[in-house]
Structures are given as structure tokens and as C-alpha cells.
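A.B. asks: please work out how this folds:
(chains A, B, C and D)
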2 protein chains.
Amino acid sequence: MNDEPRTSRPSKPLGQASSDSKAEDTLNAISLTDSAASRIAAKINSGEIMPGRRLPSERALASELNVSRPALREALQALQSAGLVQSRRGSGWYVQEHGSDDGRVALSSWMALQPIGDIIAVRRILEPEAVRSIPATRVTDVAARADELLKEMRRALRNGEPELAAQLHSSFHRTLVQFASTRLHRTLLASMIDTAENAQLELFRTPQVDLQSLERHRWIADALDDGDVEEAARRVAAHLEPAFTFTGDERDQTVEVSE
Amino acid sequence: MNDEPRTSRPSKPLGQASSDSKAEDTLNAISLTDSAASRIAAKINSGEIMPGRRLPSERALASELNVSRPALREALQALQSAGLVQSRRGSGWYVQEHGSDDGRVALSSWMALQPIGDIIAVRRILEPEAVRSIPATRVTDVAARADELLKEMRRALRNGEPELAAQLHSSFHRTLVQFASTRLHRTLLASMIDTAENAQLELFRTPQVDLQSLERHRWIADALDDGDVEEAARRVAAHLEPAFTFTGDERDQTVEVSE
DNA sequence: TGGAGGTTTTGGTCAGTCCAATGTAGTATC
DNA sequence: GATACTACATTGGACTGACCAAAACCTCCA
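C.D. replies: Numbers count the residues shown, from 1 in each chain, chains lettered A, B, ... in the order given. All right, here's what the predicted structure looks like:
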């Protein structure tokens, strides 16, 4: 077949635009898409393209990086998923601003891959701290909202709606942590709470457990009703104690080979 | 499930393409790629395709989801970036196993977008807890390694190698947290420490600050030398106090409008 | 001067084609 | 009969060229 070293693209006349493409060898060995992605990421992280600014158009970038537009688009899509860039139809690709919330999809799908037990364990560290950050002036607000959610939760459980209950349970926790001092703190917790929701669904399907759970949440809310944020934080920690939580990791379910 | 006549692809006002799917409206309104990505993610998260198993081939999946292969590939690439799936050339796309470490690239690039001040603040919560998890039997090991790193750090600073110093600084912190009880805890911290390293570089370039920093790390290591993990944890927290840290966010640099 | 309307640019999507890595079945060999 | 090798089918990787729609830009006219 082709006796040429595999560095050259098949029948591509453009050849090597850069005569010194030695450092790129390692990247080329992987995949063009990945290579393009890291080269774009490098442009961004190095500050060559500042946050908020526009990248060159797809066609321009593609020719600059010596890849086809489809390959370039795959790379951009990957970077978008990672929260590095964002596309605006008809306008261009823009470098994501610092602290923008859009990367949360990336975080969430990543978090979904983590063992639920790990998530609870880390929440046990982060969540009490977030509760401690509730301003004294807002404690009553939070307590009121928590009470409301618990009431709805009880109703949902009575009506045999475990999905709704699980959802309300997530809202309860999100309510508790809404005043975490930094956005990162809030975002991480929100993502972990969301991810845990699915697993918690199991809990709410077993009648005995769901009532226990409700009681423990009532216990937390009581502390808030008293305006005792510190005690509430302690109770949240206790609530997330491994012994109490569902570390379900049932790999033993029947795995059917669908064709 | 969805048998609506979506055949007419061009000239399709994707405004109200679907007559029945209400839940998908929001997705459909975005982009075919995104829609495909979430539909695949749904397949995975719902357990329809278990971790480790193979997805249908690109051609099959594309026709199943009523998108073209390029669009499908963009979606897959995005999911891969998020750590949900992984491709094996010539074999197929596979659902990533739980707890696999490959998603860390996604986490790191996401973390890199977060304000450095936020990162430090969250580290201040997670890092002391990780230090507390050092087993009594391993404290001397950790202490020895920490001492070693500090020595190298001092040498690097004297030799005017701030990059090396920053790197060693990261290693120091990674050493402290290596016994965090869960992988998620370790991964999050590692990612935050790495991200912070770049910002910390600034510190190590200013002679006064670098020595202060060295002193504070010495202070932490001393507690470890005494075998007092609890005290070490407290000192780590103090070390990460906002007042002490560099929250650099200089947006005021000249932004020139190229072209 | 200020819109209205057309033109250009840009991302979104598609079809068709080829290449290379992988996996497999079938054949030849011992 | 077991093993090694070859040929082929499948699959991801990549490219070309084209068209559409949204956005941005520009021109021209009132």
C-alpha cells in the first residue's frame, strides 16, 4: 500500500502548513478530533483567546488546524460539553466566561458516573458547611420553605408517588444549601443532590424507609425552625452518615444480551 | 416509540416538529446534536444500556435517532468528553464503567473555568477532612514525604524556579489528601489542586510571598511530624483562609480588538 | 437620519465516499 | 483435530461538497 510514513493525510495537497510540526506528533497519534480539541483548549488556556471572545469561524479554524470541518466540529462539541466554549448560531463560537453556569451539564453527566456512596460521603462534608452559611436574616425563610416541602413530601408518600417524593426530597436539600458562600460550592452540591435523587428513589419506594427518612428531615427542619443553624448543620451531617444511607450498588441485576 | 413522520429533514421548521412529544420540546428546540446526546444519555442513565456494554453502531444509532451520522458523532464526542461513553476504533462505542477515571479530563477542564477564589473556598472545606483521614499508621510516611517536598521547594525557590516550586506545592497538597476516604473526594481535590497551581504560580514569583507560603506549609508539616493529624487539618484550613490566598481576578488587562 | 430589505457570514445538518483498526470466520497447514 | 494464518465484513475516523437557517452586516431609499 502506501509506503509513506503514516504522518501524512491521504491525498491531502495542503501538506504541512507548519514546517516545524514535531511537537504535534504525539497528538496526531491519537485522533485528529482530539488533537484539534486540545489545540483549541491550549489557545484558550494560554490566554490567546480571552473568555467571552469569539473563535475564528469553523471554516477558518478548520483550515488553520489542518482538519476538516466535521472533525473540527466534533472537537468543538467536545469542548462545549466540557464547558470551555459555546456556540451561537449564525454568530460564532465563544470562549465561555469564567464562572458561567453552563458547564453544569458536563459536571452532571460526570457526577452521574461516580459511585453513589462516594457522592453521599462528599456531601456529608460539603452540605453542613453550606447550611452554616445561611444568613441569620434568612433562616426563617429557609425554614418555612423546608416545612412546606416536607408537607408536600408526606402527601406524596401517602398518595404513593415516590417519584414526586424523591423530587421534593432533592428540593429540600437544595433549599438547605442555597446560601453556600461560593457558586462552585452551590454548583457541586446541586449536581450531587441531583445525581443522588435517582438512587434515593429506591428509598422512597420502601414504605418503612420513607417514613424514617421523613422523620430525619423533620428533625433537620426543626433545628431551622428554632433558628439554630449550627444544630441544623450537625443534623444534616448525621443524616448523611453512611450507616443511614443507601449505598446501593446492585450489579447483580440480570443483564440481558440484546442482540 | 416515536413513529412520527420525521422523514422530511430539509425545510423542517424545527420549531414545532413534534406533535406529541412535549417533554422533548425543550431539547428539540436546541439542536439535533444536543437532542441526540441527551437521548443517548437517557438510554444510559435509565439502565437500558449498562456500563461496559456496547452501543449500537454509529450507522444504526443514527438511523434509530433519525439524525445523520455526523450529527450523531458530534453527540457521541460530547458524551465522551463528559466521560459517559468511550470509543474503540473498529469495535464500537462503549458505556463507561462506573468510577472509571477517564472523565477526569472533563472535570479538569470544567474546573479550570471556575473562579480561583471559589476553588480555594471549597478546598478549605474538603481538604482538612481529607487530612483527617490519614491513617495513624501512615502519618510518618506522609510527614516524611511532605518534608522532602518542602526541602525541594525551598531549593527551587532559591534557584529561581517558580514553576518547579508551584509544581512541588501541588504535590505537597496532593500528598496531604491522598488518603481521603473516597475516590470522588480525592478526584475533586486533585482537580482543584491542579487548577489552582497555575494561579499559585503568581505567588511563587513574588519573593516575599513565597517565603511566607513556605513557612505556612512548614507549619502544617510540623503538625504531621508530631503525628497530630487533627492539628494538621486545622492548619490546612487556616492556610486556605481567604485572607491568605490569592484571589487574582484581574479583568482589567487591555483587551485589544484584533482585526 | 433611520429603517427596510437584501446580501454575506456563520453555525447546523446532511449524503456519500474512503481509510484504517478490529473482529471473525473460513481455510490451509501441521 | 488443533492451530495458525488469511480474507472479509464490520466499525469508528475522516473528508468533500453541498444546502439550510439564523444572525450579522451593509446598502439604499424615504
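
A.B. asks: so how far is A:Pro162 from A:Ala146?
C.D. replies: Distance of A:Ala146 to A:Pro162, computed by Cβ to Cβ, to the nearest Å: 20 Å. The C-beta positions use only the backbone N, C-alpha and C, and glycine is treated the same way.

A.B. asks: isn't A:Glu241 right next to A:Arg124, touching?
C.D. replies: Yes: counting by Cβ atoms under 8 Å, A:Glu241 does reach A:Arg124; the two are 7.2 Å apart.

A.B. asks: so which of those two has more stuff around it?
C.D. replies: A:Arg124 (18 against 12; other Cβ atoms under 10 Å in any protein chain shown).

A.B. asks: got the angle between the host helix or strand of the more buried one and helix B:116-132?
C.D. replies: In this assignment (DSSP states H and E), A:Arg124 forms part of helix A:116-132. With axes from the mean of the first three to the mean of the last three Cα atoms, to 10 degrees defining the directions, helix A:116-132 sits at 120 degrees from helix B:116-132.

A.B. asks: chain center to helix A:116-132: distance?
C.D. replies: Taking the mean of its C-alpha atoms, helix A:116-132 sits 15 Å from the chain's own mean (Cα atoms, centre = their mean, to the nearest Å).

A.B. asks: and whichever helix or strand comes after it, what's buried?
C.D. replies: Per DSSP H and E, the first helix or strand lying C-terminal to helix A:116-132 is helix A:139-158. By 16 or more other Cβ atoms under 10 Å in any protein chain shown, the buried positions in helix A:139-158 come out as A:139, A:142-143, A:145-146, A:149-150, A:152-154, A:156-157.

A.B. asks: could you export these as CSV, including distance to DNA strand C and pLDDT?
C.D. replies: Output for the buried residues of helix A:139-158, formatted as CSV (distance: Cβ to the nearest atom of the strand, whole Å; pLDDT from 0 to 100):
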residue, distance to DNA strand C, pLDDT
A:Val139, 44, 95
A:Val142, 39, 95
A:Ala143, 44, 96
A:Arg145, 37, 95
A:Ala146, 40, 95
A:Leu149, 37, 94
A:Leu150, 42, 94
A:Glu152, 38, 93
A:Met153, 39, 91
A:Arg154, 44, 91
A:Ala156, 37, 90
A:Leu157, 41, 88
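
A.B. asks: can you put those residues in TSV and add distance to A:Glu58?
C.D. replies: Converted to TSV, the buried residues of helix A:139-158 look like this (distance: Cβ to Cβ, whole Å):
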residue	distance to A:Glu58
A:Val139	51
A:Val142	47
A:Ala143	52
A:Arg145	46
A:Ala146	48
A:Leu149	46
A:Leu150	51
A:Glu152	48
A:Met153	48
A:Arg154	53
A:Ala156	48
A:Leu157	51
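
A.B. asks: can the helix holding A:Arg124 be found next to chain B?
C.D. replies: Yes: using Cβ under 8 Å from any Cβ of the partner chain, helix A:116-132 reaches chain B at A:117-119, A:121-122, A:125-126, A:129.

A.B. asks: please identify which of the residues you listed is nearest to DNA strand C.
C.D. replies: Nearest to DNA strand C among the residues of helix A:116-132 next to chain B: A:Asp118, at 30.2 Å, using Cβ to the nearest atom of the strand.

A.B. asks: I figured that closest one hits B:Arg186, correct?
C.D. replies: No: A:Asp118 is not in contact with B:Arg186 according to Cβ under 8 Å; the separation is 9.5 Å.

A.B. asks: so between these two, which is more surrounded?
C.D. replies: The neighbour comparison of A:Asp118 against B:Arg186 (other Cβ under 10 Å) goes to A:Asp118, with 22 against 19.
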